[in-house]
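A.B. asks: Got a predicted structure plus its sequence, pasted below:
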Amino acid sequence: MPSSDFAFANDIRSAALLRTPRTSRLLLWTSCALLATFLIWAHFAVLDEVKRGNGRVVPSRQMQVVQSLEGGIVGDILIREGDIVQQGQSLMRIDDTKFASEFGEIRERRAAMAARVARLEAEARGRTEIAFPDDLDKMVPAAVATEASVFKMRSQKVAQDIDVLNQQVTRLTGSLKLLEREQTLTRKLYEQKVVPEIEMLRLDRQATEMKGQLAEAQSKIATITTSFRSQADEDLAKSRGDLAVLDENIKSAQDRVRRTDLKAPVHGIVNKLNVSTIGAVVAPGANLMDIVPLDDTLLVEGRIRPQDIAFIRPNQDAVVKISAYDSSVYGSLKGKVERISADTIVDDKAEQSER
């Protein structure tokens with residue numbers, strides 16, 4: 001109806017013509033509501049980004065490698081591939097004949113040195129007996145007997161030297177007393193002009209010489225004891241240093257013997273056994289077997305193209321689907337991004353990726 005004809009229409013007819021249909025208004029408001037809802041959803045909604053890449057599932061502590069530091073001949077193999085092992089469980093034994101022999105030799109040398117130290121301590125302290133450690137008699141009886149014999153011989157030698165000097169002191173002391181008595185009698189005769197002065201001078205000279213010899217003998221007695229103990233102290237300090245070195249050598253030898261028994265570093269599954277022949281020779285540091293830990297969490301180590309890495313960040317929630325299994329049947333793996341490599345990694349095929 002043209003607007004020029006509205007003036008000739010009655011009120012009821014005009015209202016009917018001018019009224020907008022209800023369905024149109026409902027459609028309009030519905031469209032506006034849907035548009036507003038879409039805009040709000042578009043602003044707040046988070047869309048999942050799907051990125052594809054090659055990868056593998058690994059334990060968080062990586063594969064545990066069992067090695068032998070010194071190498072040697074395989075003496076026994078106690079496990080097989082696929083076995084579940086506990087932490088500290090024996091896996092393989094290397095023949096310890098060589099290392100056990102070295103350990104025994106060093107232990108005997110150490111025991112012999114301990115016996116020598118005990119003997120030198122007795123000499124330096126002026127003791128009459130040696131206080132050997134209790135276990136030395138059983139470990140190195142020959143060394144204990146040798147040191148006891150040396151101690152006895154050296155002590156007897158010092159005692160003999162001192163005894164000779166004591167006898168000399170006794171003799172000189174007696175002679176000096178007689179000479180002093182002779183001097184006294186001769187002095188009286190000299191004062192009476194019975195003997196010449198030269199006789200008095202001769203006796204005085206003899207007395208002076210004898211006193212010097214007596215003082216020298218007494219000094220030698222003290223020097224022998226002091227020198228003996230001083231030399232023992234010097235030898236004791238050196239022997240204690242040698243004993244400390246042998247103690248460290250014993251620890252190293254014990255470690256070598258202990259390392260011949262290869263034990264599991266973690267609770268896990270023996271994934272790969274590289275040596276399966278008893279008597280085989282393994283090189284030092286050779287990889288003998290791999291163990292997959294069972295107590296650790298699993299990590300997905302994936303390779304993503306550099307152009308896709310911008311959508312991935314640390315601590316981001318992630319859902320991993322493994323192509324080898326149907327995710328609609330077996331589900332997906334939920335996790336969190338732990339780490340992103342600092343730079344691209346080029347593999348053997350010269351393909352770049354982020355890990």
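C.D. replies: Received the coordinates, thanks.
A.B. asks: which residues in the stretch 1-150 of the chain form helices?
C.D. replies: 11-18, 22-44, 97-125, 136-139, 141-191 (DSSP state H, counting those that start in this stretch).
A.B. asks: Can you say which of these is packed in most?
C.D. replies: Comparing the helices of the stretch 1-150 of the chain by mean neighbour count (mean count of other Cβ atoms under 10 Å), helix 97-125 ranks first with a mean of 18. For every residue, glycine as well, the C-beta is placed using N, CA and C.
A.B. asks: Next, count neighbours for S252.
C.D. replies: Per other Cβ atoms under 10 Å, the neighbour tally for S252 reads 12.
A.B. asks: looking at this, V266 is in a helix?
C.D. replies: No - membership of V266 in a helix is not supported by DSSP: H, G, I helix; E, B strand; the rest coil, which gives coil.
A.B. asks: And it, how far from A237?
C.D. replies: Using Cβ to Cβ, to the nearest Å, V266 is found at 47 Å from A237.
A.B. asks: picking up where we left off before, between the helices of the stretch 1-150 of the chain, which one is closest to S276.
C.D. replies: Taking Cβ to Cβ, helix 97-125 is the member of those nearest to S276, at 21.8 Å.
A.B. asks: Give me the next element, helix or strand, following the longest helix seen in the chain.
C.D. replies: Taking DSSP state H as the criterion, the chain has its longest helix at helix 197-258. Downstream of helix 197-258, the first helix or strand assigned by DSSP states H and E is strand 261-263.
A.B. asks: Check which residues of the helix or strand following that following strand are buried.
C.D. replies: Remark: after strand 261-263, the chain's next helix or strand is strand 268-273, criterion DSSP H and E. Neighbour-count burial for strand 268-273 flags G268, V270, L273 (criterion: 16 or more other Cβ atoms under 10 Å).
A.B. asks: Downstream of strand 268-273, the next helix or strand is which one?
C.D. replies: Assignment by DSSP H and E places the next element after strand 268-273 at strand 281-282.
A.B. asks: Quickly run through the sheet partners of that following strand, with directions.
C.D. replies: Paired neighbours of strand 281-282 in the sheet (DSSP bridges): strand 72-77 (antiparallel).
A.B. asks: Doesn't R303 belong to a helix?
C.D. replies: No - with three-state DSSP as the criterion, R303 is located in strand rather than a helix.
A.B. asks: So it is in contact with I345, correct?
C.D. replies: Yes - contact criterion Cβ atoms under 8 Å: R303 and I345 qualify, at 7.4 Å.
A.B. asks: May I see the buried residues of stretch 207-214?
C.D. replies: Neighbour-count burial for stretch 207-214 flags A207, M210, Q213, L214 (criterion: 16+ other Cβ under 10 Å).
A.B. asks: Mind listing residues that contact it?
C.D. replies: Residues outside stretch 207-214 that contact it (Cβ atoms under 8 Å, 6 or more residues apart in numbering): Q168, V169, L172, T173, S175, L176, L179, E180, Q183.
A.B. asks: mind putting those in a markdown table, pLDDT and distance to E191 included?
C.D. replies: Formatted as a markdown table, those follow (pLDDT from 0 to 100; distance: Cβ to Cβ, whole Å):
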| residue | pLDDT | distance to E191 |
| --- | --- | --- |
| Q168 | 84 | 34 |
| V169 | 85 | 33 |
| L172 | 81 | 28 |
| T173 | 83 | 27 |
| S175 | 81 | 25 |
| L176 | 78 | 22 |
| L179 | 77 | 19 |
| E180 | 79 | 17 |
| Q183 | 77 | 12 |
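A.B. asks: Among those, which one lies nearest to P284?
C.D. replies: P284 lies nearest to Q168 out of the contacts of stretch 207-214, by Cβ to Cβ, at 67.3 Å.
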